[in-house]
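# Mind looking at a prediction? Sequence and model below.
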Amino acid sequence: MPKFLLKRWHGYHVMALLSVSVLFTGILTYYQWQWGLLGLMSIGVVLFLIIRARKHFVEELADYISTLTYRVNKAGEAAVTKLPIGILLYNENRYVQWINPYLTKLIDKDVVGGSITVFTEDLLKQVNDEKKRFIISINDQNYRVFHEPDERLLYFLNVTEEQAFKELFEKEKTVIAHIYLDNYDEVTQGMDDQVRSKLLTHVTDTLNRWSKEYDVFIRRTASDRFIAVFNEQALAALEENRFTVLDEIRDRTGKEKVSLTLSIGIGSRETSLRELGTLAQSSLDLALGRGGDQVAIKEKTGKGRFYGGRSSAMEKRTRVRARVISHAIRDFINESDKVFIMGHKNPDMDSIGAAIGMLKIAETNGKDGFIILDPDEVNQSVHKLLGEIQEHDDLWAQFITPEEANEEATDDTLLIVVDTHKPSLVQEPKLLEKMDRTIVIDHHRRGEDFINDAVLVYMEPYASSTAELVTELLEYQPSHPNLDVLEATALLAGIIVDTKSFAIRTGSRTFDAASYLRSKGADTTLVQKLLKEDLDQYVKRSKLVEQAHIYTGGMAIATGYAGEAYGQVLIAQAADTLLTMNDIVASFVISRIDDGRVSISARSLGEVNVQVIMESMNGGGHLTNAATQVDGMTIEEVEETLKTKIDEYFKGGQTT
């Protein structure tokens, strides 16, 4: 405690004693005035001393305050001139008015009176945006800048080491990958042990070289599975190199007359090893659901990234799986009070046909089934099919609107989604949240947007259509459903449309399904009737095809007229037509559609994965059949973006 404060503390006690003394003297004077006079004299002396002490106290206090103020000002000057923090004052024109010595040494030239851009152009932008806190780089050093816009004041704090440690921490984060040989079982089935061992040796050698090159720890967990552990720095290098290990495995095994493909699921940007493992497995499931021969990278937050996926998916589904799924669906139906079936918005032949097939399975198992259809969102291509259905009162009575479905749904209702796995594309998204049990049946390659918590998922990207999958499920129902002519025809029409009359994506199982439907009375003449088009539509499509030009490498691009809207079906048909021309390996038709957006329909013969290109523009689909819709851009802008994505694809770019 300072001396003057200590004296002041003692002064309070003196005043208290003085007060008591005055009181005592007054009493004494009353009884003995001589002693009272002596007491008054004593009090006077004490009072004099108190006044003198107070004066001395005030003088000491003033001296202390003066000394403290001097020290504070001196410390402030030292802070401004000697602390390793830059300080800058600027005027309303963004010119430097004053900088402290720290900044003077940093910039090593006279900047007072000049623009603040002398430090960096980015500084002016951040100041104009009135950002309160940001990082800039000056002379290869990183500075965190604290901005006081009202005072036009900037503080510069060197955070180079902090940024370096942060970058190092990010680079050293653990990454886990699951590696799977997509078609190992199918390829090696019946193969001689020596040949199988040689084939696996090629794979192992390639993976070991790859792991050494990128500092990856890899171990085999099964004959067709590996697990790999590395860090974010290695992952960045792998992404920059576009995971060429996929091509190396395919090419090296191809020399043995057997082509193996690889799928890799990667989990990153998590500190928990358990979470990383879960993300890696989820990524692998996603890669396989998209057809395999690719890499899927997932983070807990953020969009997934994909590489590869350029080869046609090898058919690997089995009839055993179809039978198991069929029996499982029967069990779920038997546990339900009724069954709701819905496809995607703007349903096509495949969606309607598959829905009718699932409706038949529900009926066969003694349950009421209903197909959800929004009459305001009906694809032009299915109008004739719906016209035929309306003539069959019993079948048409089982079509309900989304509003009716929401009213009639109960806790025991089973929901079956066909021909899509994306929640955003179903006929009635609200039902997905309302239903406790949902089954997904689809033939599209799996995307990130997926129906969560489905009790059963039957996704086969190797199938030609969902109608083909549903036909097989019908075959394996124990009660052997009896299809009528229209039901069988609707399923066959779905297969024919999706395979372009058995020209693309057609496997042996596709013909087996068509044969089964034909045996049940499917009318091919009725199919042709349902698929007929108007002359006006044909002429309009021809004019659209006429606008086509070859961009590069057999990639045909056609654009619609700026002021004219085209139907989605017509655009798709134009893309199909272009694909039949000589020297065209992939076709893209760009046009504005009825809702004002710009749509792209993409088709290929399998040499080019149009799904990859469309996914890079927020679309999706199949390797040979994909599409996207774009908001807020002109047809010309969309065409330029498409050309950029095509160039990236041929350079080996990221798929999404």
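That came in fine, so what should we check first?
# Keeping just the C-alphas, turn stretch 265-272 into CSV.
Coordinates of the C-alpha atoms in stretch 265-272 are reproduced here as CSV (Å, rounded to 0.1, in the frame of the first residue of the first chain):
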residue,chain,number,x,y,z
GLY,A,265,-14.3,-46.0,-49.9
ILE,A,266,-12.5,-43.2,-47.9
GLY,A,267,-13.5,-41.5,-44.6
SER,A,268,-11.7,-38.3,-43.8
ARG,A,269,-11.8,-35.1,-41.7
GLU,A,270,-12.7,-36.8,-38.4
THR,A,271,-10.7,-37.2,-35.3
SER,A,272,-12.5,-40.3,-34.1
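# what's residue 504 sitting at in phi/psi?
For residue 504, the backbone dihedrals (degrees, to the nearest 10) come out as phi -130, psi 160.
# Likewise for residue 270?
Listed backbone geometry of residue 270 is phi -130, psi 140, with angles given as degrees, to the nearest 10.
# That one and residue 278: what is the separation?
Distance, residue 270 to residue 278, using CB to CB, to the nearest Å: 9 Å. Every C-beta, even on glycine, is put in place using the N, C-alpha and C of the backbone.
# The residue nearest the centre of the chain - nearest residue in space that isn't next to it in sequence?
Closest to where the C-alpha atoms of the chain average out (CA atoms, centre = their mean) is residue 303, at 2.0 Å. In space, not counting the residues next to it along the chain, residue 303 is nearest to residue 448; the distance is 6.7 Å by CB to CB, 6 or more residues apart in numbering.
# Next: residue 584.
Closest residue to residue 584 in three dimensions, ignoring its sequence neighbours and counting by CB to CB, 6+ apart: residue 556, at 4.7 Å.
# Look up how far residue 605 lies from the one you found.
Counting by CB to CB, the gap from residue 556 to residue 605 is 12 Å.
# okay, and the common contacts of the two?
Counting by CB atoms under 8 Å, 6 or more residues apart in numbering, the residues touching both residue 556 and residue 605 are residue 586.
# ok, those two, which is more surrounded?
Taking residue 556 and residue 605 together and counting by other CB atoms under 10 Å, residue 556 has the greater number of neighbours (21 against 16).
# Report whether that one is found in a helix, as I expect.
No - membership of residue 556 in a helix is not supported by DSSP: H, G, I helix; E, B strand; the rest coil, which gives strand.
# what bridges to it?
In this structure, residue 556 has the following beta-bridge partners (DSSP bridges): residue 550, residue 587.
# tell me the domain boundaries of the chain?
The chain breaks down into these structural domains: 3-82, 86-164, 172-308, 319-530, 536-650 (assignment by automatic domain parsing).
# residues touching the residue nearest to residue 303, list them.
When contacts are taken as CB under 8 Å, 6+ apart, residue 448 is in contact with 286, 303, 304.
# quick one on the thing from earlier: what separation do you get for the residue nearest to residue 584 and residue 599?
Per CB to CB, residue 556 is found 16 Å from residue 599.
# repeat for residue 622
Using CB to CB, one gets 17 Å for the distance from residue 622 to residue 599.
# Please apply the same query to residue 531.
Counting by CB to CB, the gap from residue 531 to residue 599 is 21 Å.
# The two: which is more packed in?
Summary of the neighbour comparison: residue 531 and residue 599, criterion other CB under 10 Å, with residue 599 having more neighbours (24 against 15).
# ok, the strand or helix carrying the more buried one: who's next to it in the sheet?
Using DSSP states H and E, residue 599 maps to strand 598-604. For strand 598-604, the paired strands and their directions (DSSP bridges) read strand 586-592 (antiparallel), strand 625-630 (antiparallel).
# what does the helix or strand following that strand rub up against?
Using DSSP H and E, the helix or strand that follows strand 598-604 towards the C-terminus is helix 610-615. Helix 610-615 is contacted by residues 290, 306, 309-310, 445, 447, 586, 588, 600, 602-604, 620-628, 642, 645-646, 649, 655-656 when judged by CB under 8 Å, 6+ apart.
# so for helix 610-615, what's the average pLDDT?
Rounded to a whole number, the mean pLDDT of helix 610-615 is 87.
# cool, stretch 54-74 as well?
68.
# re the thing from before, correct me, but the residue nearest to residue 584 touches residue 581?
Yes - if you go by CB atoms under 8 Å, residue 556 and residue 581 touch, sitting 7.1 Å apart.
# Throw the contacts of residue 448 into JSON lines and include secondary structure and distance to residue 419, thanks.
As requested, the contacts of residue 448 are exported to JSON lines (DSSP: H, G, I helix; E, B strand; the rest coil; distance: CB to CB, whole Å):
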{"residue": "286", "secondary structure": "helix", "distance to residue 419": "19"}
{"residue": "303", "secondary structure": "coil", "distance to residue 419": "24"}
{"residue": "304", "secondary structure": "coil", "distance to residue 419": "23"}
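# quick one: least confident of the residues you listed?
Looking at pLDDT alone, the contacts of residue 448 dip lowest at residue 303, where the score is 70.
# In three-state terms, label residue 41 for me.
Per three-state DSSP, the local secondary structure of residue 41 is helix.
# Could you check how far it is from residue 55?
If you go by CB to CB, the gap between residue 41 and residue 55 works out to 22 Å.
# need the helices for the stretch 501-650 of the chain, in chain order.
Applying DSSP state H, counting those that start in this stretch to the stretch 501-650 of the chain gives helices spanning 508-519, 524-530, 535-546, 568-579, 610-615, 635-650.
# Report how many residues lie close to the residue nearest to residue 415 when sequence neighbours are not counted.
Excluding the flanking residues, the one nearest residue 415 by CB to CB, 6+ apart is residue 435, at 4.1 Å. Burial measure for residue 435: 22 neighbouring residues, criterion other CB under 10 Å.
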